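Peer 1: turn this into a model:
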Amino acid sequence: MVLVKTPAGQEALKDRHGSLSSRQRSAFILFDGKRTTGEILAATAAMGITQDDVQAMIAQGLLAPVGGQMAAAVVGSVAASASLASATLAEAPATDLGTVASPVEGSGRSPMERYQAAYPIATELTAALGLRGFRLNLAVEGAGSFEDLAALAPKIREAVGDAKFERLDKALFD
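Peer 2: Down below sits the predicted model:
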């Protein structure tokens with residue numbers, strides 16, 4: 001997932017807001033709307049930055065995904081003007097879930113509940129692929145939302161087969 005600083009995040013960085021620890025601040029600077037979360041986590045692993053740190057920054061409203069409506073508003077409001085906004089949004093791939101069920105169909109679980117149930121299964125399935133699934137495993141580990149995992153679902157199904165994918169399918173879409 002590619003994340004970009006929100007206006008609140010820009011302000012927190014500028015004002016040295018207390019909600020960011022020094023190590024989080026170092027990682028926060030790297031979120032430029034071009035690097036994936038996985039790349040940034042790999043670059044900051046020695047500092048101890050984890051997915052939980054990234055999730056905390058998202059929850060605080062300091063980071064937002066590129067490519068959605070929220071990201072368009074964030075990028076549009078950044079002082080870098082329309083050229084930066086169009087370049088960043090052009091790079092962001094559109095998530096087309098095709099005929100995938102909406103997150104509220106089925107059992108009525110929220111997207112966050114579905115993500116929390118599906119993420120461990122997806123990492124287990126892709127980790128079991130070994131080196132041939134390394135990139136897919138990195139993509140799953142970088143997925144920070146239901147939408148990200150749902151977008152990776154067809155690739156995971158193709159890699160592991162329908163029988164093994166059934167558990168993940170139920171966790172995501174049941």
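Peer 1: report how many residues lie close to Asp174.
Peer 2: Per other Cβ atoms under 10 Å, the neighbour tally for Asp174 reads 12. Backbone N, C-alpha and C define where each C-beta goes, glycine included.
Peer 1: report pLDDT for it.
Peer 2: Per-residue pLDDT puts Asp174 at 83.
Peer 1: pretty sure Leu149 sits against Leu172.
Peer 2: Yes: the pair Leu149 / Leu172 is scored as a contact, 6.3 Å apart, by Cβ atoms under 8 Å.
Peer 1: out of those two, which sits in the more crowded spot?
Peer 2: Ranked by neighbour count (other Cβ under 10 Å), Leu149 and Leu172 place Leu172 first, with 27 against 23.
Peer 1: need the CA coordinates for stretch 19-31. CSV is fine.
Peer 2: What follows is stretch 19-31, C-alpha atoms only, in CSV (Å, rounded to 0.1, in the frame of the first residue of the first chain):
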residue,chain,number,x,y,z
SER,A,19,2.2,12.2,18.9
LEU,A,20,5.2,11.1,16.8
SER,A,21,8.1,9.4,18.5
SER,A,22,11.6,10.2,17.1
ARG,A,23,11.7,6.8,15.4
GLN,A,24,8.2,7.2,14.0
ARG,A,25,9.1,10.7,12.7
SER,A,26,12.1,9.2,10.8
ALA,A,27,9.8,6.7,9.1
PHE,A,28,7.0,9.3,8.6
ILE,A,29,9.3,11.4,6.5
LEU,A,30,9.7,8.5,4.0
PHE,A,31,5.9,8.4,3.2
